[in-house]
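Engineer: Predicted model and sequence follow; I will ask about them next.
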There are 4 protein chains.
Amino acid sequence: MTQPLSIAVLVGSLRKESISRKVAEAAARLSKGGFSYGIVEIGALPLFNQDLEGGAEPAAWTEFRNKVRATQGVLFVTPEYNRSVPGALKNALDVGSRPYGHSVWFGKPAGIISVSPGALGAFGANHHLRQSLVFLNMPALAQPEAYVGHAAQLVADDFSITVEATRDFLRSFIAAFETWVRTLQPHA
Amino acid sequence: MTQPLSIAVLVGSLRKESISRKVAEAAARLSKGGFSYGIVEIGALPLFNQDLEGGAEPAAWTEFRNKVRATQGVLFVTPEYNRSVPGALKNALDVGSRPYGHSVWFGKPAGIISVSPGALGAFGANHHLRQSLVFLNMPALAQPEAYVGHAAQLVADDFSITVEATRDFLRSFIAAFETWVRTLQPHA
Amino acid sequence: MTQPLSIAVLVGSLRKESISRKVAEAAARLSKGGFSYGIVEIGALPLFNQDLEGGAEPAAWTEFRNKVRATQGVLFVTPEYNRSVPGALKNALDVGSRPYGHSVWFGKPAGIISVSPGALGAFGANHHLRQSLVFLNMPALAQPEAYVGHAAQLVADDFSITVEATRDFLRSFIAAFETWVRTLQPHA
Amino acid sequence: MTQPLSIAVLVGSLRKESISRKVAEAAARLSKGGFSYGIVEIGALPLFNQDLEGGAEPAAWTEFRNKVRATQGVLFVTPEYNRSVPGALKNALDVGSRPYGHSVWFGKPAGIISVSPGALGAFGANHHLRQSLVFLNMPALAQPEAYVGHAAQLVADDFSITVEATRDFLRSFIAAFETWVRTLQPHA
């Protein structure tokens, strides 16, 4: 019996009832199977500061890094703040990328769902995040791109998706993401 | 007698001996006069979280917003983390942009100096920051662009700049920045 | 009597019935007065090639440069092709930027309206264009940003705008653009 | 006996003695074998114009599309023009992406080498190109990134690379690119 592949889900918004978190929960439920999705929390990470490196680093940093390191892929679900990635999510990327030479991100395949209450689908956050993933050596799924707009009422209390076209789209996105993650796993 | 125009200097790195901080200090000393530069610290700002809004917000947020609000322009001096803006600096932008309709950034002219120990001059951070400034309605100086590479030994202990060409360049940058800030002040 | 300020309008799509062209025509009609808008055509410009410089350059290049040089500001109205600026528009920027030291763009204030038949409003083209404008020293209006989505039926045959909210928005955009261009004119 | 995998090399500059072209020639010579590299010319492509679609399209478009379609991967070697992709190269992307539903790019793995005479390594062109590749569904090699700066004297007349560190780097880049292309070939 094979182990499921483990996916770290990073949610770019910290508020409890965030739309992105709900979309993340809903998307994980659309898995075709063989994958285990778990949100890795980023809200308690102290801001990255190089002066804190090398000695007793914040325990939250270490814990976060260990959780990500144990996974085989990363799914980002994020809103846009000021036309870019939320500071909290960027900070999580920064924390995980250090210390130099020990990045937890290196080589992990990634997928991105950007989410907005408005029309533009958080395009700016989506592509700024992609630029960071190039540096972090996280091959990111190209197609389908996932810009989820008008998302305020999209996810019901049971994490089902209320709009059929979006549900179908996210199902195909997750299928493509899972194929992508499998394709890019290191060979045994 | 006219008051000097006050410039908030935001430094993208939190470590005490950061190159960006030194470049910021050095650049401020190249002012043509009539301006007052002061670093506004960003390292103690809790990560932006909408759940903290509306009630007793973190005192550090309020203090930060008040300091920026009292200025007439903003100078960003920042390294690049993972091909983008450091999480700490992006978080400061996010905190200052809230609550909705009360952004402290709105209308303030801006300048950007991106700084790196390597060759590329933190180009990625520079332009990701610019994309946010569009949304924040902060007109950003176009030319000269300031990509300060190979910056590790650039600033001496007395905050003089050790490379003459870079000193001359930064002097012309600051002159252009100050003209830019003056041109875009609201009329009395 | 003062001369009107002359605005070069660059349309990113070459097809005759392009939505962007119609939006450009419609936007020009919303002027508050004191401005003269004229589309400068880009479809006949040979691809920029440095080997053609220095001798008998293509007449179309010279003509294009002369037309832009005679204006006091530039309004870009463009679709997105493949998440970026259409090649034809980028080529026009390249042609106008040469030869080195003789760019026709230098110092001209700019505005950007990005247009799409879909929801995303050509965000990718809008911000890629902005990155070029930084280098070209064209200060670009920040707010309001203009992402015109669902634009297929937006402009009637008489160049009126069929959706009231969009008409009001574009009127406020043009007003802000014209203030921006005036503010950044060199002093007599 | 297996066929070599065929790589379309797209060079972003049109001039005959372009540095990017020389770097492209030099890079192809560093292949580990099993690949066949060929430059697909882009300088004779008429600007994309939707009005030309559907009937007798320019023969140069058809020829270009056929050449790209016959390959198993794409290597872009490009300078930066005005902080973005040269218009000629963007036009080639646009031409190859049409007509709708018949893009020649779809699914082809890609690599990017950006080249500049200065320090910044054409970072802006590199990442703008990546944003287009996401839409075109061309998975782009993440690491190593290739920003080739100070490139004016880099390639000798015999297409050897004069700087040893750069030669070693480009060899490792090509090795990673070839692994990437192999990994992402559709299964037989």
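Structural biologist: Everything's here; your move.
Engineer: Find the residue closest to A:His128 in space, skipping its chain neighbours.
Structural biologist: Take A:His128 and drop its neighbours on the chain: the residue closest to it by C-beta to C-beta, 6 or more residues apart in numbering or on different chains is A:Ser84, 4.7 Å away. All C-beta atoms are positioned from the backbone trio N, CA, C, and that covers glycine.
Engineer: Could you give the number of residues near the one you found?
Structural biologist: 25 (other C-beta atoms under 10 Å in any protein chain shown).
Engineer: Beta-bridge partners for it, please?
Structural biologist: For A:Ser84, the beta-bridge partners under DSSP bridges are A:Tyr81.
Engineer: okay, it: pLDDT?
Structural biologist: pLDDT recorded at A:Ser84 is 98.
Engineer: my read: it touches A:Gly124, true?
Structural biologist: Yes. Judged on C-beta atoms under 8 Å, A:Ser84 makes contact with A:Gly124 at a distance of 5.7 Å.
Engineer: who touches both of those two?
Structural biologist: Common neighbours of A:Ser84 and A:Gly124, using C-beta atoms under 8 Å, 6 or more residues apart in numbering or on different chains, are B:Gln131.
Engineer: Tell me the secondary structure at the residue of chain A most remote from its centre.
Structural biologist: The centre of chain A is farthest from one residue, A:Gly55, which by C-alpha atoms, centre = their mean lies 28.9 Å away. Put simply, A:Gly55 is coil when judged by DSSP: H, G, I helix; E, B strand; the rest coil.
Engineer: wait, what's in contact with A:Pro117?
Structural biologist: A:Pro117 touches A:Ile19, A:Gly149, A:His150, A:Ala151, A:Ala152, counting by C-beta under 8 Å, 6+ apart.
Engineer: Could you report the neighbour count for A:Ile42?
Structural biologist: Using other C-beta under 10 Å: A:Ile42 sits among 24 other residues.
Engineer: Leaving out chain neighbours, which residue sits closest to it?
Structural biologist: Using C-beta to C-beta, 6+ apart, the closest residue to A:Ile42 is A:Ala92 (3.9 Å).
Engineer: Please list all residues in contact with that neighbour.
Structural biologist: Contacts of A:Ala92 (C-beta under 8 Å, 6+ apart): A:Leu10, A:Ile42, A:Leu45, A:Phe64, B:Gly87.
Engineer: same thing but at 7 Å, please
Structural biologist: Listed by C-beta atoms under 7 Å, 6 or more residues apart in numbering or on different chains, the contact set of A:Ala92 reads A:Leu10, A:Ile42, A:Leu45, A:Phe64.
Engineer: which parts of chain A sit against chain B?
Structural biologist: Within reach of chain B by C-beta under 7 Å from any C-beta of the partner chain, chain A has these residues: A:14-16, A:43, A:47-51, A:81-88, A:90-91, A:93-94, A:97, A:124, A:128, A:131-132, A:134-136.
Engineer: that older thread, among the contacts of A:Ala92, give me the pair with the biggest separation.
Structural biologist: Within the contacts of A:Ala92, A:Leu10 and A:Leu45 form the most distant pair, 11.1 Å apart (C-beta to C-beta).
Engineer: and those two? which has more neighbours close in?
Structural biologist: Taking neighbours as other C-beta under 10 Å, A:Leu10 and A:Leu45 compare with A:Leu10 leading, 25 against 21.
Engineer: tell me the angle the helix ranked longest in chain A makes with helix D:164-183.
Structural biologist: In chain A, with assignment by DSSP state H, the single longest helix is helix A:164-183. For helix A:164-183 against helix D:164-183, the angle by axes from the mean of the first three to the mean of the last three C-alpha atoms, to 10 degrees is 120 degrees.
Engineer: So which bits of helix A:164-183 are buried?
Structural biologist: The neighbour-count check on helix A:164-183 (16 or more other C-beta atoms under 10 Å in any protein chain shown) flags A:Thr166, A:Leu170, A:Arg171, A:Phe173, A:Ile174, A:Ala176, A:Phe177, A:Glu178, A:Trp180, A:Val181 as buried.
Engineer: And stretch A:135-154, by the same measure?
Structural biologist: So, applying 16+ other C-beta under 10 Å, buried residues of stretch A:135-154: A:135-143, A:145-149, A:151, A:154.
Engineer: export that stretch as CSV, just CAs?
Structural biologist: Provided in CSV are the C-alpha atoms of stretch A:135-154 (Å, rounded to 0.1, in the frame of the first residue of the first chain):
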residue,chain,number,x,y,z
PHE,A,135,13.9,31.6,-6.9
LEU,A,136,12.8,29.0,-4.4
ASN,A,137,12.9,26.3,-7.1
MET,A,138,9.3,25.4,-6.7
PRO,A,139,8.0,24.4,-10.1
ALA,A,140,4.5,25.9,-10.3
LEU,A,141,1.6,24.5,-12.2
ALA,A,142,1.0,26.7,-15.3
GLN,A,143,-2.4,25.6,-16.6
PRO,A,144,-5.1,25.9,-15.5
GLU,A,145,-4.4,29.2,-13.8
ALA,A,146,-6.8,29.8,-10.9
TYR,A,147,-8.1,33.3,-10.5
VAL,A,148,-11.1,33.0,-8.3
GLY,A,149,-13.1,36.2,-8.3
HIS,A,150,-16.4,37.3,-6.7
ALA,A,151,-15.6,34.7,-4.0
ALA,A,152,-17.4,36.2,-1.0
GLN,A,153,-20.4,33.7,-1.2
LEU,A,154,-18.6,31.0,-3.0
